[in-house]
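what would the 3D arrangement of this be:
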Amino acid sequence: MKKVAIIGAGVMGSGIAYASVKAGYEVLVYDLSEEVLAKSKKQVDSLFEKGLTRGKITVQEINHCQNRLKYSSQFSEIKADIILEAIVEKLEIKRELFKNLEEQNSADCIFATNTSSIPITQISRGLNYPERVVGVHFFNPAHIMKLVEIIKGAATNNNIAEKAFNWAKSLSKTAVYAEDSPGFIVNRVARHFYVESLKALEENVADLETIDRLLESTGFKMGPFRLMDLIGVETNFSVTSSMYEQFGYDSKFRPSRIQKQKVDAGFHGRKTGRGFYSYED
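The predicted structure follows:
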């Protein structure tokens with residue numbers, strides 16, 4: 001594989017694009033919004049600058065990377081060997097996206113989804129080539145976090161999954177295979193890190209700063225509320241809501257009313273300047 005296309009130029013998509021171009025791939029970053037694309041370029045350029053300051057990359061390497069990196073809002077330009085979507089966690093939107101991509105890409109193109117919780121089998125259902133759809137789930141920040149989950153749906157071709165696995169490894173990631181089950185591995189295990197912390201906040205057991213400090217003191221690099229602000233409060237809420245539904249509305253996965261209020265208010269975390277904490281200064 002030589003060319004990678006990333007759909008969705010948010011924090012996650014930008015991090016994956018940076019890791020991909022740094023690994024030597026030609027990369028296209030696509031988004032509907034020119035404003036979002038401009039922010040993505042600024043974010044990736046900042047990562048290059050930080051890498052240069054820390055001696056992780058040279059000026060010459062940065063120039064080579066930037067020559068292989070393109071930003072576009074033209075859907076017709078999304079043609080690649082592997083296309084990874086990092087968009088909103090909505091099943092029908094993801095499915096419609098892949099239907100459109102099938103029409104303009106070769107029979108060898110791999111369609112990867114960075115979904116956190118939606119079953120790959122559901123996303124690929126109804127497509128002309130469901131065997132080419134595979135889950136490739138990165139973690140935020142994608143340019144730093146090593147783990148990548150590779151998830152096969154019921155129709156996913158084993159060879160496609162293996163190619164996705166090897167692509168993730170080529171980005172210096174630790175790839176693992178996961179079953180197509182709610183939340184896969186990490187989000188299933190970690191969900192209650194967030195859910196129980198939110199329940200403790202709802203029940204006035206402690207304030208959010210205390211809960212964060214307590215968990216950080218046990219070895220976590222970030223407490224649950226700081227981490228939700230980094231990931232995106234709305235993204236975290238969407239994953240919890242999806243898993244709540246997939247587990248038959250089991251109360252232990254119930255989304256938080258406090259978190260929903262943040263989402264409704266547009267307080268999505270660092271990217272909006274306000275989440276559980278304020279970043280406006």
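
state the helix or strand in which K70 lies.
Assigned by DSSP states H and E, K70 belongs to strand 69-72.

dump that strand to CSV, keeping only the CA atoms.
C-alpha atoms of strand 69-72 as CSV (Å, rounded to 0.1, in the frame of the first residue of the first chain):
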residue,chain,number,x,y,z
LEU,A,69,0.4,15.3,2.5
LYS,A,70,-2.7,16.8,0.8
TYR,A,71,-5.9,18.3,2.3
SER,A,72,-9.1,18.4,0.2
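
any stretches of this structure with poor pLDDT?
Of all residues in the chain, those with pLDDT under 70 make up the ranges 281.

which parts of it are helices?
Remark: helices assigned in the chain by DSSP state H are 11-22, 34-53, 59-67, 91-102, 120-124, 158-170, 186-202, 208-217, 224-231, 233-246, 257-265.

could I get the buried residue list for the strand holding K70?
Applying a neighbour-count criterion of 16 or more other Cβ atoms under 10 Å, one finds 69, 71-72 buried in strand 69-72. Every residue, glycine included, has its C-beta placed from N, CA and C.

closest to K271 among those residues?
Y71 (17.9 Å; Cβ to Cβ).

neighbouring strands - and their directions - for the strand holding K70?
strand 26-30 (parallel) (DSSP bridges).

only alpha carbons, please: show the strand it pairs with as CSV.
In CSV, the C-alpha atoms belonging to strand 26-30 read as follows (Å, rounded to 0.1, in the frame of the first residue of the first chain):
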residue,chain,number,x,y,z
GLU,A,26,1.2,9.5,0.5
VAL,A,27,-1.8,10.9,2.5
LEU,A,28,-5.0,12.6,1.6
VAL,A,29,-7.0,14.3,4.5
TYR,A,30,-10.6,14.9,3.5
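
would you map out the domains in the chain?
The chain breaks down into these domains under automatic domain parsing: 3-178, 187-270.

distance of F139 from Y30?
Distance from F139 to Y30, counting by Cβ to Cβ, to the nearest Å: 22 Å.

which of these two has more neighbours?
Remark: of F139 and Y30, Y30 carries more neighbours, 25 against 20, as counted by other Cβ atoms under 10 Å.

which ones are touching the residue nearest to Q104 when sequence neighbours are not counted?
Of all residues not flanking Q104 in the chain, K79 sits nearest, at 6.3 Å (Cβ to Cβ, 6 or more residues apart in numbering). Neighbouring residues of K79 by Cβ atoms under 8 Å, 6 or more residues apart in numbering: 3, 5, 104-106, 109.
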